[in-house]
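Participant: take this sequence and fold it.
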Amino acid sequence: MEGTVRELVQSVHDSPTKAVIVVAGAGNETISWLLDVAGASRTVLEIVVPYSSSSFADFIGHEPDQFVSVEAARGLAKAAYRRALELREGDERVAGIACTATIATDRPKRGDHRCHIASWTGEAARVHSLTFVKGLRDRTGEDGVASAIVLNTLAEASELKGRLNLELDSSEQVLIDAAIYEDPVAALLAGHVESAVVYPDGGMIADGRARGGVLPGSFNPLHQGHELLADAASEIIGADVAYELSVTNVDKPPLEEAEVRRRVAQFAGKRPLVLTSAPVFYEKARVLRDCTFVLGWDTATRLVDPKYYGGSQARMLMALEEMGQLGCSFLVAGRSDYGTFRTIDDIDFPDDLRHLFSGIPESRFRSDVSSTELRMADPAG
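Facilitator: Numbering: from 1, shown residues only. This next block holds a predicted model:
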């Protein structure tokens, strides 16, 4: 291994980024480079080699129109990124790195020899594409160039400045297709990530985890009742509680970016806010997992009403079962309903799923303030 390769690999291992790396058709030398330098466990979460077309399609979830293309590379990198999120232990920065290529082999090829190397992180998706001059290099030579691009792409995704010299022919050029987002909020609104966590100090992380409790709402506006409920829930479950705001709604247009950022600003100096694009609870559970949702009585009532599942009791039961399997449960606060204070005892839960729900005693929390009433009292906001 050349010294420059070893130095760049060491820099990658010393960075905080962890990655799932997928190579199909070329880029194989990168695997040896990464594993031969001490510290690979600090970088590599998993290495995948989907050698057959069926393995490739299984990894990205569908069969691409072309297996060696910009879109296929991007699909591999996105799937690798999702896999990295599953494998990480905390909120470490992760990346999905992928290579799909067709290079020189033991038989003549009619088409171009080319490679597409993609990265997917919380703030960007990039694809580096190169068409080789046919006959200029043998298979080992073409794989070496592809591997160098893979390592450069991993270094870029790790926010490092170092790069390997590719030693390309004057007629060869690496073309870059990139989508880069201002911050995790912009990435979420573009559909690039599934969630964005905004911390009280203004810091953000894409696809961060919300541990403990999650209090969903529209927060238009955030008010004292929300804050008191979060405090009570935190005491009861013995864990932190974050707020959750979906930027999409079942029966309303998606929130505009300016409106999202206006609502986000309310949480400065308070609790973390998780932004998602999941308007219904089974979608929230798929994104957040292993959390306790903190609900009001009215929301919990809708959660177990088949009317909100297209009138299907079976769909309602399947959704609740899935949420339980994802490690989610529900903590329900009482609420005034036409002058009567309703609690969890007034809800008819399915017997087999009753264990997912627990209540907050009225003595621990009661607030009859609502965002709707506050908006009506102050229409200007």
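Participant: residues in contact with the helix or strand harbouring Glu227?
Facilitator: Using DSSP states H and E, Glu227 maps to helix 224-237. Under the criterion Cβ atoms under 8 Å, 6 or more residues apart in numbering, residues 212-213, 215, 217, 219, 240-241, 243, 270-271, 292, 294, 296, 331, 333, 360, 364-365, 367-370 lie in contact with helix 224-237. C-beta: built from backbone N, CA, C; applies to glycine.
Participant: after it, next one along is what?
Facilitator: Later in the chain than helix 224-237, the nearest helix or strand by DSSP H and E is strand 241-246.
Participant: for that next one, name the packing helices and strands.
Facilitator: strand 212-216, helix 224-237, helix 257-265, strand 273-276, helix 281-288 (3 or more Cβ pairs under 8 Å, 6 or more residues apart in numbering; DSSP states H and E).
Participant: out of the ones you listed, which comes closest to Ile176?
Facilitator: Checking the helices and strands packed on strand 241-246 against Ile176 by Cβ to Cβ gives helix 257-265 as the closest, at 25.9 Å.
Participant: for the closest one, give the mean pLDDT please.
Facilitator: Across helix 257-265, pLDDT averages out at 98.
Participant: tell me which residues of it are tucked away?
Facilitator: For helix 257-265, burial by neighbour count (16 or more other Cβ atoms under 10 Å) applies to Val260, Arg263, Val264.
Participant: can you add distance to Gln173 and give the residues you listed back as TSV?
Facilitator: Converted to TSV, the buried residues of helix 257-265 look like this (distance: Cβ to Cβ, whole Å):
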residue	distance to Gln173
Val260	39
Arg263	45
Val264	41
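Participant: just to revisit the earlier point, which among the helices and strands packed on strand 241-246 is found nearest to His116?
Facilitator: helix 281-288 (28.8 Å).
Participant: for the record, mean pLDDT for that closest one?
Facilitator: Here helix 281-288 scores 96 as its mean pLDDT.
Participant: which residues does the nearest residue to Gln173 once chain neighbours are set aside contact?
Facilitator: Among residues not flanking Gln173 along the chain, Leu130 sits closest, at 7.5 Å (Cβ to Cβ, 6 or more residues apart in numbering). Contacts for Leu130 (Cβ under 8 Å, 6+ apart) come out as Arg114, Cys115, Val145, Ala146, Ile149, Leu168, Glu172, Gln173, Val174, Leu175.
Participant: what's the helix or strand hosting the second one in contact with?
Facilitator: Using DSSP H and E, the element containing Cys115 is strand 114-120. Contact partners of strand 114-120, identified using Cβ under 8 Å, 6+ apart, comprise 25-27, 68-70, 72-74, 76-78, 80-81, 95-103, 125-132, 142, 145-146, 149-150, 153-154, 156-157.
Participant: reformat the helices and strands packed on strand 241-246 as JSON lines; add distance to Asp251.
Facilitator: Shown next, in JSON lines, are the helices and strands packed on strand 241-246 (distance: least, Cβ to Cβ, whole Å):
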{"stretch": "strand 212-216", "distance to Asp251": "16"}
{"stretch": "helix 224-237", "distance to Asp251": "22"}
{"stretch": "helix 257-265", "distance to Asp251": "17"}
{"stretch": "strand 273-276", "distance to Asp251": "17"}
{"stretch": "helix 281-288", "distance to Asp251": "15"}
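Participant: out of those, nearest to Asp138?
Facilitator: The closest of those to Asp138 is helix 281-288. By Cβ to Cβ, the value is 46.6 Å.
Participant: list the buried residues in the closest one.
Facilitator: Phe281, Tyr282, Glu283, Lys284, Ala285, Val287, Leu288.
Participant: that older thread, selection in PyMOL covering whichever of the contacts of helix 224-237 are buried, please.
Facilitator: The following PyMOL line selects those of those that are buried, judged by 16+ other Cβ under 10 Å:
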select buried, resi 212+213+215+217+219+241+243+271+292+294+296+331+333+360+364+365+367
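Participant: how about the helices in this structure?
Facilitator: For the chain, applying DSSP state H gives helices covering 3-14, 28-36, 53-60, 70-87, 139-157, 184-189, 224-237, 257-265, 281-288, 297-303, 313-325, 371-377.
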